[in-house]
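> got a predicted structure here, sequence first:
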Amino acid sequence: MSNLVVHFEIHATDPEALVTFYSELFAWRFTRFGEMDYWAIDTGEDSIGMNTPGRGINGGLAKRRGPRPEAGAPVNGANFVVGVGDVDALFALGLKLGGTEALAPDDMPGVGRLAYLLDPDGNVFGMISPVLSDGTNVMETSAA
C-alpha cells in the first residue's frame, strides 16, 4: 500500500434524499447493505475496486450520528472533490436538485475550473474540471 485514498464516506441525516441527489447529479450507483443504514457508492467504471486498478475511488453513505452541519459553520472533517467535464452545468444541476452554493464556479489559472456546493444535508463537496471558462484546457497548456 502506498498511502493512497481509496474510499470516501458521506454522512446523511436523510440517506435516501442524498442517494437521490448524488444519483441524479453524478449518476453514482448506490447499494444498501441489508438493513444497515449504510450504502456503498459506485462512482463509475474508472473507479478502483478490490484488486482492480482505476483512476477514481468509490465510497459509502452512512446515516449521520448527530446533528447535520449548521449553515455557515466551518468544515468539520474532510470534503471531496469530483473531477467533472462541465463544472458550470453540474453546479446549476446541483442547485436545481436542492444543493446550495458554497463557492461559485471560478477559474484557477494553472489548476482548472472549480466550484463547491453544499448537498441537501449540509455536506460540502467540490467539482473541478481542467477546462477554464474560456475553453482553455490547463492539462494541454501545462504539457506544452
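On my side now, so go ahead.
> tell me the domain ranges of the chain?
1-66, 79-144 (automatic domain parsing).
> quick one: contacts for the most centrally placed residue in the chain?
In the chain, the residue lying closest to the centroid (Cα atoms, centre = their mean) is Val82, at 4.5 Å. By Cβ atoms under 8 Å, 6 or more residues apart in numbering, Val82 lies in contact with 26, 125-128. Bear in mind the C-beta positions are built from the backbone N, C-alpha and C, glycine included.
> thinking again about what came up before, redo the domains of the chain as TSV? Include mean pLDDT and distance to Gly72.
Shown next, in TSV, are the domains of the chain (pLDDT from 0 to 100; distance: least, Cβ to Cβ, whole Å):
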stretch	mean pLDDT	distance to Gly72
domain 1-66	88	17
domain 79-144	92	10
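> strands of the protein, start to end?
With strands called from DSSP state E, the chain shows them at 7-12, 29-32, 38-42, 58-63, 80-83, 100-108, 112-118, 124-129.
> turn these into TSV, including distance to Glu70.
Shown next, in TSV, are those (distance: least, Cβ to Cβ, whole Å):
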stretch	distance to Glu70
strand 7-12	14
strand 29-32	26
strand 38-42	24
strand 58-63	19
strand 80-83	20
strand 100-108	13
strand 112-118	11
strand 124-129	12
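> name the helices or strands packed onto the longest helix seen in the chain?
Assignment by DSSP state H gives helix 15-26 as the longest helix of the chain. For helix 15-26, the elements it packs on are strand 7-12, strand 29-32, strand 38-42, strand 58-63, helix 87-96, judged by 3 or more Cβ pairs under 8 Å, 6 or more residues apart in numbering; DSSP states H and E.
> packing partners for the fourth one?
Read that as strand 58-63. Partner elements for strand 58-63 (3+ Cβ pairs under 8 Å, 6+ apart): strand 7-12, helix 15-26, strand 38-42.
> if anything else comes up later, I'll come back, but that's it for now.
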